[in-house]
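S.K.: Only the shape, not the letters, is given here:
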Ligand SMILES: C[S@@+](CC[C@H](N)C(=O)[O-])C[C@H]1O[C@@H](n2cnc3c(N)ncnc32)[C@H](O)[C@@H]1O
């Protein structure tokens, strides 16, 4: 009897190891290489657009926390398929504007399709460069990064570029997956801790002004330019 239990136990272990191996080898990588940069694999766009995302992403609460209102000009940098872009567009109205920036042609295509299908007349889609978002100068109230910041190379230099795009008093919002919470989302090795982001932003000339903790999987940081009053 003891031998049978042992045998079944070994079979279960082999089965579980096999399933883990199959899952690991058959899944597409979460990041791909593009022009020497590592970026989000568009094969996973379904995850960004999945029906249950609102449950953990809480976009209405994000909008409320950032006090985005009629007339706000916001840049959704690394906009992906436009999950936030569309919600921002509805919130800022005719007097406001949304710049939806991405570096991948696939995402630019998806963003343009969304803008057309949903008649988002206050949205401009911009093909950004890896070193700069290609935004107009001194034009933005809020530069918004959801699950993008970690994908940017030479972040301090990039955020100095972003600083030039902000209006006086402009802010930068950064949402990123916690480094130590849950396996769903970016691979753990690709994640950044809050303190790493805060330190880098300080080097780029920003100071942390708010830290929101209502998102279960992600931290949410708000910065302003350090020498602004
Ligand atoms: C994980 S997706 C997040 C998409 C979107 N922000 C969201 O929350 O649904 C990251 C996006 O950032 C884009 N990206 C990566 N590096 C970028 C850069 N330097 N400038 C602009 N977009 C970038 C990728 O192409 C990808 O679409």
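M.R.: Noted; the coordinates are in hand. If you're wondering where the values come from, they're calculated on a predicted model, not measured in any experiment.

S.K.: So what sits opposite the closest residue to residue 151 other than its chain neighbours in the bridge?
M.R.: Spatial nearest neighbour of residue 151, excluding adjacent residues (Cβ to Cβ, 6 or more residues apart in numbering): residue 39 at 5.5 Å. Yep, even glycine has a C-beta here, placed from its N, CA and C like the rest. When bridges are assigned using DSSP bridges, the partners listed for residue 39 are residue 32.

S.K.: Number of residues surrounding residue 39?
M.R.: Counted with other Cβ atoms under 10 Å, the burial measure for residue 39 works out to 20 neighbours.

S.K.: before we move on, what about the one 10 residues further on?
M.R.: Residues contacting residue 49 under the criterion other Cβ under 10 Å number 14.

S.K.: in a helix, that's where residue 85 is, yeah?
M.R.: Yes: under DSSP: H, G, I helix; E, B strand; the rest coil, residue 85 sits within a helix.

S.K.: Now for it: which residues touch it?
M.R.: By Cβ atoms under 8 Å, 6 or more residues apart in numbering, the residues touching residue 85 are 76, 79, 98, 100, 111, 114-115, 120, 123.

S.K.: Restricting to those, which residues neighbour the ligand?
M.R.: By Cβ under 6 Å from any ligand atom, the members of the contacts of residue 85 lying near the ligand are residue 79.

S.K.: of all the contacts of residue 85, which comes closest to the ligand?
M.R.: Of all the contacts of residue 85, the one with the least separation from the ligand (Cβ to the nearest ligand atom) is residue 79, at 5.5 Å.

S.K.: Ramachandran angles for that closest one?
M.R.: When quoted as degrees, to the nearest 10, the phi and psi of residue 79 stand at phi -70, psi -20.
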